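Novice: can you look at this prediction? I've put the sequence above it.
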Amino acid sequence: MEHVPWARDLARHLLAEPLPTRWAHVRGVGHTAEDIAHIVGDDAELLICAAWLHDIGYAPDLNKAGFHPLDGARYLRDVEHADERLIRLVANHSCALVEARNRGLAEDLAGEFPSPADLVLDALTFCDMTTSPTGTPVDLEQRLAEAFGRYGDGHLVTRSLTQARPLLEASTSRVLVALGR
Ligand SMILES: [Fe+2]
């Protein structure tokens, strides 16, 4: 687990001061990842690091493309020279490709950061989708309902989450099975 302090400290450095609520969410996601990491075996450290780093693209200093999975992944690649699998997880968390398509960024995302499409990505998505924007535990239904209410009908994020919903449900289900719940 030698890289976990690096991931947590980097996320804190980038998010805690400018975006305290986002940092609270990330702390919840990080702790959920620590709780469920055993299901991915040798990739436990990878999952936990990705959980801490998944939203760094929201940091004002990183916001270049205006799409946080892509901005976060590019920062990890270009500045941190991070592990390739870690970068791909951050780029593709919570079905990012669906929203990337709606933003005209699908070729950038898929070209630079192909999806790992494995249980680690499912687990990362599960952690994000079962943590509220303020860091409290919720289920997927509550998480989506909150986002729909926050963004409103017709918003690109609402449309993207609606399209991604079956994929998010499938990821969540696979993780629940792995957890024996
Ligand atoms: Fe998140």
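Specialist: That came in fine, so what should we check first?
Novice: near the ion, which residues of the protein are found?
Specialist: Contact residues (CB under 5 Å from the ion) of the chain with the ion: 55, 128. All C-beta spots, glycine's among them, are computed from the backbone N, C-alpha and C.
Novice: show me where this structure has its helices.
Specialist: Assigned by DSSP state H, the chain shows helices spanning 4-15, 20-36, 44-53, 68-78, 84-92, 96-102, 106-112, 119-129, 140-151, 156-179.
Novice: my read: Trp23 touches Leu10, true?
Specialist: No: taking contacts as CB atoms under 8 Å, Trp23 lies outside contact range of Leu10: 12.0 Å.
Novice: okay, the helices of the chain in a markdown table with mean pLDDT and mean neighbour count next?
Specialist: Output for the helices of the chain, formatted as a markdown table (pLDDT from 0 to 100; neighbours: other CB atoms under 10 Å):
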| stretch | mean pLDDT | mean neighbour count |
| --- | --- | --- |
| helix 4-15 | 98 | 18 |
| helix 20-36 | 98 | 20 |
| helix 44-53 | 98 | 26 |
| helix 68-78 | 98 | 22 |
| helix 84-92 | 98 | 24 |
| helix 96-102 | 98 | 20 |
| helix 106-112 | 98 | 15 |
| helix 119-129 | 98 | 25 |
| helix 140-151 | 96 | 15 |
| helix 156-179 | 97 | 16 |
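Novice: tell me which of these approaches Asp61 most closely.
Specialist: Comparing those by their distance to Asp61 (CB to CB), the top pick is helix 4-15, with 7.0 Å.
Novice: who touches the closest one?
Specialist: 22-23, 26, 30, 45, 48-50, 52-53, 55-56, 58-59, 61-62, 80 (CB atoms under 8 Å, 6 or more residues apart in numbering).
Novice: how near is Leu124 to Ile48?
Specialist: Noted for Leu124: a distance of 10 Å to Ile48, by CB to CB, to the nearest Å.
Novice: how about Gly111?
Specialist: With CB to CB as the criterion, Gly111 and Ile48 are 27 Å apart.
Novice: before we move on, what about Gly180?
Specialist: In terms of CB to CB, Gly180 sits 20 Å off from Ile48.
Novice: Gly135 too?
Specialist: Taking CB to CB, one finds Gly135 at 16 Å from Ile48.
Novice: contacting residues for Leu62?
Specialist: 14, 56, 68, 71-72, 75.
Novice: of the residues you listed, closest to the ion?
Specialist: His68 (8.5 Å; CB to the ion).
Novice: shouldn't that closest one be in contact with Arg74?
Specialist: No: at 10.7 Å, His68 and Arg74 do not qualify as touching, with contact defined as CB under 8 Å.
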